[in-house]
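Visitor: Model the following, please.
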Amino acid sequence: MARPGWRTRSALWRYGFAVLAVAVATILIVGWRQVFTEPAVAPFLAAILLTGWYAGGMPVVLSTALSVFAYLLLSPASFLELSWPLAVRLVWFLAFAGLAAWFSAARGRAAEGLERARAELEERVLARTAELRRSQEYLLAAQRLSHTGSWAWNLATGEIVWSEEGIRVLGLDPNGRPFSANHLDQIWHPDDREFAAETIAAALHEKRSYELHVRIVRPDGTIRYVHCLGRPLFNEAGEPVEYIGILIDVTARKRAARKLRRAREQAAAARFAAILDERTRIARELHDTLLQGFTGVGLNLVAVTNRMEGPPKVVAALRDVIALAQRTLENARRAIWDIRPPLSAGSDFVATLRAAAEEGVRGTDLSLEFAVEGLVATAAPEMETAVFRVAQEAIANVVKHAAARTVRVTLTYEPTRMRLAVTDDGRGFVVDPDFRAYGGHLGLLGMQERANQARGTLTVRSSPGRGTEVVLVVASSGPGT
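Guide: Below is the predicted model:
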């Protein structure tokens, strides 16, 4: 137990202590003289030591002076008759008294220094402890906010120690039995258990870190999505002795991503429906106004030409004008028909595509081969529209430019996408990788634009004399996914 510092006491107390200590020593020596002739020295030395220890430097001087005076006063000879033996004893006493005073004062200063050092150390320890406690609270708060738990796996014992948040993520009982590696199979979801076990086993064998994105099943049966990371700690021999890591609950993030994806799908569907409605309205307006009026103009021209009896050259010129008008009217009808969304025959896209392909080669010498591969499934409307329009344009290009005998249309359904292939045995051409216009025709560029809108890929393979193949691949669930 450390003594209280004498510097905190008053001067009256310290000097009074010196006087009292010498007085007690004198009383003890008087009692000693009742038995022995020579006065004792030890009580005075003790008084000097105690004074230096409890009262400080100046009171030690006072206690030393009082002790010398009392020693001379109690000597057998009068202190006025200083004999040689008495002088020797006095010098001896003063030397030991001075040494005792110096030792006592030095000991007191050392004790005070140690006391101050201990107090400062305690203050630093308290400050560091408070800092560590705050850091621990910050860490716990961060783990709670981020749903991140930490863990340590002792490979020798198999015991896994979880942080407070890790226990909460797993849904474990904080006061339950210790968790060991043997319990890991119980927390993984049955569909992810084999993958998790193989990943951890491979990391242990190769002495490396690992990362898992899996599901866990809590004791209450609820399923959580977690992201787990672990890394090894090695001993001096380079062998892993422990794995430490974190376990992040990403269930809320997964749910938010799922909601966002669903919202995007709904927004994309709404935009696509709005676009289809607007295109249908424009096509209807053009048909009911411009085309109807242009048709009337053409009929009137035919009627006038049939009644004319003018020169043959004028009649022939009028008939050429009428033919041009009819071709222009037919092209306008086809353009308006392209604006409208494809009509499904009984909501059957395959039947609709087959009907469009047959319509495209009707009246030509082309032979059509139509095939469907894979399990037919319903696709997103924007995907079916892209496939439909590309098939139309590819068949039209074959009819106009390929001089082919056969055109083959193959629609393949795969688990996550649709693949359209339109192949002919015509004259072929040199493919421009940028799909620029060929002789003023923009068919390939239009197909590329439709593929881009559907977030698909368009591939054109052709060479002179070897025919042409147009391949479109799109996702079956739409671009919003």
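Visitor: any low-confidence regions in the stretch 201-350 of the chain?
Guide: With pLDDT under 70 as the threshold, the stretch 201-350 of the chain has low-confidence stretches at 269, 272-273, 276-277, 279-280, 283-296, 310, 329-347.
Visitor: any idea where the helices of it begin and end?
Guide: 251-286, 292-307, 312-339, 349-361 (DSSP state H, counting those that start in this stretch).
Visitor: just these: most buried one?
Guide: Neighbour counts (mean count of other C-beta atoms under 10 Å) averaged over each of the helices of the stretch 201-350 of the chain peak at helix 349-361, with a mean of 17. (Each C-beta comes from the backbone N, C-alpha and C, glycine too.)
Visitor: Just the CA atoms from the helix or strand following that one would do, formatted as CSV, please.
Guide: Going down the chain from helix 349-361, the next helix or strand is strand 367-373, by DSSP states H and E. Coordinates of each C-alpha in strand 367-373 appear next as CSV, following Å, rounded to 0.1, in the frame of the first residue of the first chain:
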residue,chain,number,x,y,z
SER,A,367,-39.3,-23.0,-101.3
LEU,A,368,-39.8,-22.4,-97.5
GLU,A,369,-38.6,-24.7,-94.8
PHE,A,370,-39.9,-23.8,-91.3
ALA,A,371,-38.6,-25.6,-88.2
VAL,A,372,-39.0,-25.2,-84.4
GLU,A,373,-36.5,-26.8,-82.0
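Visitor: Name every strand pairing with strand 367-373 and say which way it goes.
Guide: Partner strands for strand 367-373, per DSSP bridges, with pairing direction: strand 406-413 (parallel).
Visitor: Output the strand it pairs with as CSV - backbone C-alpha positions only.
Guide: Output of strand 406-413 as CSV, limited to C-alpha atoms (Å, rounded to 0.1, in the frame of the first residue of the first chain):
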residue,chain,number,x,y,z
THR,A,406,-34.8,-22.3,-100.8
VAL,A,407,-35.1,-20.3,-97.5
ARG,A,408,-35.0,-22.0,-94.2
VAL,A,409,-36.4,-20.4,-91.0
THR,A,410,-35.4,-22.2,-87.7
LEU,A,411,-36.7,-21.0,-84.3
THR,A,412,-34.9,-22.6,-81.4
TYR,A,413,-36.1,-22.3,-77.7
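Visitor: hmm, back to that, to Trp102, which of the helices of the stretch 201-350 of the chain lies closest?
Guide: helix 251-286 (74.3 Å; C-beta to C-beta).
Visitor: just so I know, which of the helices of the stretch 201-350 of the chain lies nearest Ile216?
Guide: Short answer: helix 251-286, nearest of those by C-beta to C-beta, at 9.6 Å.
Visitor: quick one, domains of this structure?
Guide: Per automatic domain parsing, the structural domains of the chain span 6-122, 147-249, 263-341, 344-481.
Visitor: okay but Thr406 is in contact with Asp424, surely?
Guide: Yes - under the criterion of C-beta atoms under 8 Å, Thr406 makes contact with Asp424 at 6.8 Å.
Visitor: Dihedrals phi and psi, Thr423?
Guide: Note on Thr423: its backbone torsions stand at phi -120, psi 140 [degrees, to the nearest 10].
Visitor: Pull the contacting residues for it.
Guide: 407-408, 410, 467-470 (C-beta atoms under 8 Å, 6 or more residues apart in numbering).
Visitor: Need those in JSON lines (columns: distance to Ser135, neighbour count and pLDDT).
Guide: Output for those, formatted as JSON lines (distance: C-beta to C-beta, whole Å; neighbours: other C-beta atoms under 10 Å; pLDDT from 0 to 100):
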{"residue": "Val407", "distance to Ser135": "74", "neighbour count": "27", "pLDDT": "94"}
{"residue": "Arg408", "distance to Ser135": "71", "neighbour count": "17", "pLDDT": "95"}
{"residue": "Thr410", "distance to Ser135": "66", "neighbour count": "16", "pLDDT": "95"}
{"residue": "Gly467", "distance to Ser135": "73", "neighbour count": "21", "pLDDT": "92"}
{"residue": "Thr468", "distance to Ser135": "70", "neighbour count": "24", "pLDDT": "93"}
{"residue": "Glu469", "distance to Ser135": "66", "neighbour count": "17", "pLDDT": "94"}
{"residue": "Val470", "distance to Ser135": "65", "neighbour count": "25", "pLDDT": "94"}
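Visitor: For the stretch 51-200 of the chain, which segments count as helices?
Guide: All helices of the stretch 51-200 of the chain, identified by DSSP H, counting those that start in this stretch, fall at 57-73, 84-146, 164-170, 184-187, 193-206.
Visitor: Any idea which of those has the lowest pLDDT on average?
Guide: Least confidently modelled of the helices of the stretch 51-200 of the chain is helix 84-146, at a mean of 74 by mean pLDDT.
Visitor: where does Gln392 land in three-state SS?
Guide: helix (DSSP: H, G, I helix; E, B strand; the rest coil).
Visitor: residue contacts, the closest residue to it other than its chain neighbours?
Guide: Among residues not flanking Gln392 along the chain, Ala356 sits closest, at 5.8 Å (C-beta to C-beta, 6 or more residues apart in numbering). Going by C-beta under 8 Å, 6+ apart, Ala356 touches 342, 388, 391-392, 395.
Visitor: Same check on Thr412?
Guide: 372-374, 418-421.
Visitor: now it, which residues is it bridged with?
Guide: Beta bridges link Thr412 to Glu373, Arg419 when assigned by DSSP bridges.
Visitor: next one: Ile248
Guide: Thr148, His227.
Visitor: these two touch, right, it and Ser150?
Guide: No - the criterion here is C-beta under 8 Å, and Ile248 misses it with Ser150 at 10.3 Å.
Visitor: out of those two, which sits in the busier spot?
Guide: The residue with more neighbours, out of Ile248 and Ser150, is Ile248; 20 against 16, by other C-beta atoms under 10 Å.
Visitor: What's the separation between that one and Ser180?
Guide: Applying C-beta to C-beta, to the nearest Å, the value for Ile248 to Ser180 is 22 Å.
Visitor: Distance check, Met308 against Ala95.
Guide: In terms of C-beta to C-beta, Met308 sits 158 Å off from Ala95.
Visitor: ok, now Tyr243?
Guide: 71 Å.
Visitor: So between those two, which is more surrounded?
Guide: Using other C-beta under 10 Å, the more surrounded residue of Tyr243 and Ala95 is Tyr243, with 21 against 10.
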